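> Show me the folded form of this:
(one chain, ligands or ions: 1)
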Amino acid sequence: MDISEKRFLWQKAICEADFTLHNFPFGCGVLPNETAPRALSAFGYYALDLEQAYRLGLLGQDEKLEKVLGQPYLNNFIALGRSVAENVRDALQQNLSLENPSDPELSRKYPWMIPMDQVRMTLPVRVPNYTDFYSSLEHATNLGRMFRPGGEPLLPNWRHMPIGYHGRASSIVVSGTPIRRPWGQVMPEGAEKPVFSPTRLLDIELEFAFVVGQDTILGNPVPVDEAWDYIFGFVLFNDWSARDIQKWEYQPLGPFLGKNFGSTISPWIVTAGALEPFRTEGPTQEPEVLPYLRTQGPLNYDIELNVYLEAPNAEPALISVSNTRYLYWNAAQQLAHHTVNGCNIQVGDIYASGTISAPYRGGEGSLIELTQKGTAPITLPDGSLRRFLEDGDTIHFRGYASRGDVSLGFGLCSGQILQPLQLR
Ligand code: MN
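Coordinates of the predicted model:
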């Protein structure tokens, strides 16, 4: 079997494990013989044409729903409210309850089910705003040790609020979009002047992000105990980072060109409803947080995260295993903090967690941590070494949850690195 056949079977098996009868995530994609994207769901290795399913009477009767299913982004669908999306999931579940997602005959039986290799996935939402948090204690500690050796790894504010910065929405791309190695200013070790060069320290950040489901009005904070109602669902998120550019530019205002050349999201939004069975308690927060950030109950998720590095002409190699449960700050706290000053949010906004590193070796969510700043390179199965990404490398994230007989996943969040432009 050649490598592309193997890759196809690997991706198909992941879809069949992830897009179960419990899941029914939402995305957008272009169907064969069409030019514009439309709303889709997924079951096994099939994309479900929701507009066609609606016309066949399978999704009930709702004029507002009918109007939005043919649109190229999910924003208007999401704005109808979480209950509309959950009704669609229920209807799909009932219609397909006797089917096996691995059945190769499904698209013959149901003309609104299209094998995924015939569908080009596109961005699920038009993203009005994107914010990136820094909510993993382990990641913040690891980076603090590297960037400020000898000092306290955590800055004094870190345990009191979810630290974040405003990212760039325009360069968020869907899984499968190549990422070109960016150029920028870097300050080489010991040099007196910066140089202009393609980044040599191209990295990943393993993140989990939520998609906002309701607008708010400027001036109106979202209270922490209502924040959950504003979250439509979740995606995997790769915040590609150029560490040498980042290191030279980040003081005093934070990340800029080291981050905004591209961020990749998984194409399928898994709804908050589908993720209910996987809720779990987060880490104990010490010292106690201010009242506007206090939450109760299980507001983290138990979702295993895998990072694969696929070198050119090689099979994907597993290089990290983490879990969303390690996030110190939960999504409700992130949203409450983000809006406590009155900042408004919009349907389709993306709020990413920050790199999720586990509290053990082999669970770090970035290469700079995995390879300890490049001093401890990773050995790939073919014997080659990696400190940071090389041209032609592909990174795949996977997220998967299982409890009792219920399981689901996010599909892959992938991107390949292209060689830099020819600049001077
Ligand atoms: Mn990040």
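
> Contact partners for residue 179?
With contact taken as Cβ atoms under 8 Å, 6 or more residues apart in numbering, residue 179 is in contact with 173, 240, 261, 262, 264, 415, 416, 417, 418. In this view, the C-beta of every residue, glycine as well, is placed from N, C-alpha and C.

> Would you verify that the third one is located in a helix?
When you say that, I think you mean residue 261. No: residue assignment for residue 261, taken from DSSP: H, G, I helix; E, B strand; the rest coil, gives coil, which places it outside any helix.

> Wait, it touches residue 180, no?
Yes: using Cβ atoms under 8 Å, residue 261 and residue 180 qualify as a contacting pair, with a distance of 7.5 Å.

> Tell me the residues on this protein that lie near the ion, please.
Neighbours of the ion within the chain, by Cβ under 5 Å from the ion: 132, 205, 239.

> circling back: which one's more surrounded, residue 261 and residue 180?
residue 261 (20 against 15; other Cβ atoms under 10 Å).

> quick one, what contacts residue 8?
Going by Cβ under 8 Å, 6+ apart, residue 8 touches residue 117.

> and the helix or strand bottoming out on mean pLDDT in the chain, how far out from the chain's middle?
Of all the helices and strands that make up the chain, helix 137-147 has the lowest average by mean pLDDT, DSSP states H and E, namely a mean of 94. For helix 137-147, the distance from its own C-alpha centre to the chain's C-alpha centre is 21 Å (Cα atoms, centre = their mean, to the nearest Å).

> Pairing partners for the helix or strand following it, with directions?
Taking DSSP states H and E as the definition, the helix or strand that follows helix 137-147 towards the C-terminus is strand 164-166. Counting by DSSP bridges, the strands paired with strand 164-166 are strand 130-133 (antiparallel).

> Give me the three-state assignment for residue 341.
The local conformation at residue 341, judged by three-state DSSP, is coil.

> again, but for residue 87
Going by three-state DSSP: residue 87 is helix.

> how about the helices in the stretch 151-300 of the chain?
Along the stretch 151-300 of the chain, the segments classed as helices by DSSP state H, counting those that start in this stretch run 243-249, 272-275.

> Just tell me which of those helices ends up closest to residue 224.
The minimum distance between residue 224 and the helices of the stretch 151-300 of the chain falls on helix 272-275, with 15.7 Å, by Cβ to Cβ.

> residue of the stretch 151-300 of the chain with the smallest distance to the ion?
When distances are taken as Cβ to the ion, the stretch 151-300 of the chain approaches the ion most closely through residue 239, which lies 3.5 Å from it.

> now the end-to-end length of stretch 209-229.
This stretch, stretch 209-229, spans 16 Å end to end (Cα to Cα, to the nearest Å).

> no no, stretch 93-112
End-to-end for stretch 93-112, by Cα to Cα: 15 Å.

> now do stretch 413-424
Terminal residues of stretch 413-424 are spaced 32 Å apart (Cα to Cα).

> For that stretch, buried residues please.
Neighbour-count burial for stretch 413-424 flags 413, 414, 415, 416, 417 (criterion: 16 or more other Cβ atoms under 10 Å).

> same check, this time on stretch 246-258
246, 248, 249, 254, 255, 257, 258.

> Doesn't residue 396 belong to a strand?
Yes: using three-state DSSP, the assignment for residue 396 is a strand.

> And for the residue of the stretch 151-300 of the chain closest to the ion, nearest residue in space, chain neighbours not counted?
Once its chain neighbours are removed from consideration, residue 239 has its nearest residue in residue 205; the separation is 3.9 Å (Cβ to Cβ, 6 or more residues apart in numbering).

> what residues are up against that neighbour?
Contacts for residue 205 (Cβ under 8 Å, 6+ apart) come out as 238, 239, 240, 241, 354, 355, 365, 366.

> if I look at it, how far off is residue 241?
Residue 205 is 6 Å from residue 241, where distance means Cβ to Cβ, to the nearest Å.

> list residues touching both of those two?
Between them, residue 205 and residue 241 share the contacting residues residue 366, judged by Cβ under 8 Å, 6+ apart.

> so what's the residue lying closest to residue 390 once chain neighbours are set aside up against?
Beyond its immediate neighbours in the sequence, the residue positioned closest to residue 390 (Cβ to Cβ, 6+ apart) is residue 417, lying 7.1 Å away. For residue 417, the residues meeting the contact criterion (Cβ under 8 Å, 6+ apart) are 178, 179, 180, 181, 202, 389, 390, 391, 392, 393, 394.

> Bridged to residue 307, which residues?
On the basis of DSSP bridges, residue 307 takes part in beta bridges with residue 320, residue 397.

> For it, grab the count of nearby residues.
The number of residues packed around residue 307, counting by other Cβ under 10 Å, is 25.

> residues in contact with it?
Applying Cβ under 8 Å, 6+ apart, we find residue 307 in contact with 204, 206, 318, 319, 320, 321, 322, 365, 395, 396, 397.

> who touches the third one in this structure?
With Cβ under 8 Å, 6+ apart as the criterion, the residues that contact residue 318 are 306, 307, 308.

> Please report the distance of it from the ion.
Taking Cβ to the ion, to the nearest Å as the measure, residue 318 and the ion are separated by 21 Å.

> Give the helix, strand or coil label for that residue.
When the structure is reduced to helix, strand and coil (three-state DSSP), residue 318 reads as strand.
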